[in-house]
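[1] my questions are about this predicted structure, shown below with the sequence.
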Amino acid sequence: MKRILIAPAKYVQGEGEYERLGEYLAAYGDKVFFIAHEDDRARMRPYLNAVEAGGKTALVYGDFSGECTLGEIEKFSLQVRESGCGAVAGLGGGKALDTAKAVAHAVKQPVIVLPTIASTDAPCSSLAVVYTARGQFSQYIFFNKNPDLVLVDTRVIANAPVRFLVAGIGDALATWFEARACLRSHADNIPGGKSTRAALAVARQCYDTLREDSLKAVAACECNVVTPALENIVEANILLSGLGFESSGLAAAHAVHDGLTVLEETHRFYHGEKVAFGVLVQLMLENAPLEEIGEVGDFCRSVGLPVCLADIGVEDAAPEKIRAVAEAACAPGETMGNMPFPVTPDDVFAAILAADRMGRE
């Protein structure tokens, strides 16, 4: 039995680390292509100006639309080749970072990942989640390596809207439960092997850290300050969740997220918010103990994560809409196949409605 653990080549996290951005970028050449939305470029302008003023690294900017689509990846890949840049950097949230990883893979260059929020575990992974231009899930793209550098400035994270941090907590919440399901089913992890004990320990540590420090971290973020609890939750959202999901595997929670994207009303909600509801659906599919379902539900309520369909914009849970979600969640190749028992669209349909009812009550 082959066990595989993968991880970024280097992970750096700390308050004020973006003040040293020029030093980090210089290790990857004298010209770097930046993929970022204009809003994130504006937020990071002082740091970017300092890099350019330092004179060691020139920055070439690509304007990111906000969706990681095949069209965006193709557009930027051409621009990188034409620019003569020797590395690609992604700046912003998960979709910009996934786009940068996909472009770097296409042009065979190093990738530097610079999250400005801690809303997903995308920064550390060797895959990209691709959407349509309308925001509907399309496919996963897998790469042959993880990012060369993940650089996280917790001061920047603390000054971002708290909803992003909470969404990251929702994404990280799935890590242990999906890893546990993959262990039980002997499913392959993302790189095509079985989970190591190290990866399972990281996944469990992720959940334990969330339970211990989430409320304290949310309070710190609401005050725009960095505390030990905030540092711990940023690490859980980005690093622990990233290593845990990729080297242990995904299951029903993320499949339900993908299914929910067929409903337009969910598009204004973040990835991690939909994943959190997916965790509750997965627990219903597993017929998990009531105590565990209650523990997870209470945790979600305490930090402001969704516990029912209305919390993710689905006010009208018409059977045909929920059936469409269930069908998409069970599509061929979906991570629903990693559950330790066969799961049909009927099963998911029932679990969604039951989880919604418990959440509302």
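    That came through, no problem.
[2] just the residues contacting stretch 301-311, thanks.
    With contacts defined as Cβ atoms under 8 Å, 6 or more residues apart in numbering, stretch 301-311 is touched by 163, 166, 169-170, 173, 214-215, 218, 269, 272-274, 276-277, 280, 297, 299-300, 312, 315, 317, 352, 355-360. Quick note: C-beta positions are derived from backbone N, CA and C, even for glycine.
[3] give me the buried entries from these.
    Burial by neighbour count, 16 or more other Cβ atoms under 10 Å: within these this picks out 163, 166, 169-170, 173, 214, 218, 269, 272-274, 276-277, 280, 297, 299-300, 312, 317, 352, 355-356, 358-359.
[4] tally of neighbours for Val12?
    The number of residues packed around Val12, counting by other Cβ atoms under 10 Å, is 13.
[5] who's it bridged to?
    Judged by DSSP bridges, the bridge partners of Val12 are Leu151.
[6] could you report the pLDDT at Gln139?
    Gln139 carries a pLDDT score of 89 in this model.
[7] that one touches Thr132, doesn't it?
    No - using Cβ atoms under 8 Å, Gln139 is not in contact with Thr132, being 9.9 Å away.
[8] relative to Ile322, how far out is Asp316?
    Going from Asp316 to Ile322 by Cβ to Cβ, to the nearest Å gives 10 Å.
[9] spatially nearest residue to the spatially most central residue of the chain (excluding sequence neighbours)?
    The residue lying closest to the centre of the chain (Cα atoms, centre = their mean) is Thr120, at 2.8 Å. For Thr120, ignoring the flanking residues on the chain, the nearest one in space by Cβ to Cβ, 6 or more residues apart in numbering is Gly94 at 3.9 Å.
[10] neighbours around that neighbour, how many?
    Close neighbours of Gly94, defined as other Cβ under 10 Å, add up to 26.
[11] now do the residue of the chain positioned farthest from its centre, the pLDDT please.
    Here the centre of the chain is the reference, and by Cα atoms, centre = their mean the most remote residue is Gly55, at 33.4 Å. We have a pLDDT of 86 for Gly55.
[12] gap between it and Val32?
    14 Å.
[13] hey, what's in contact with both of the two?
    Common neighbours of Gly55 and Val32 (Cβ under 8 Å, 6+ apart) do not exist.
[14] per-domain residue ranges of this protein.
    11-158, 251-361 (automatic domain parsing).
[15] and the first one, how far apart are its ends?
    Same thing as domain 11-158. Domain 11-158 stretches 18 Å from its first residue to its last (Cα to Cα, to the nearest Å).
[16] picking up where we left off before, now intersect the buried ones among the contacts of stretch 301-311 with the strands, please.
    Of the buried ones among the contacts of stretch 301-311, none are assigned to strands by DSSP state E.
[17] centre of the chain versus the strand or helix carrying Asn232, how much separation?
    In the assignment (DSSP states H and E), Asn232 maps to helix 228-235. Between the mean C-alpha location of helix 228-235 and the chain-wide mean there is a distance of 16 Å, by Cα atoms, centre = their mean, to the nearest Å.
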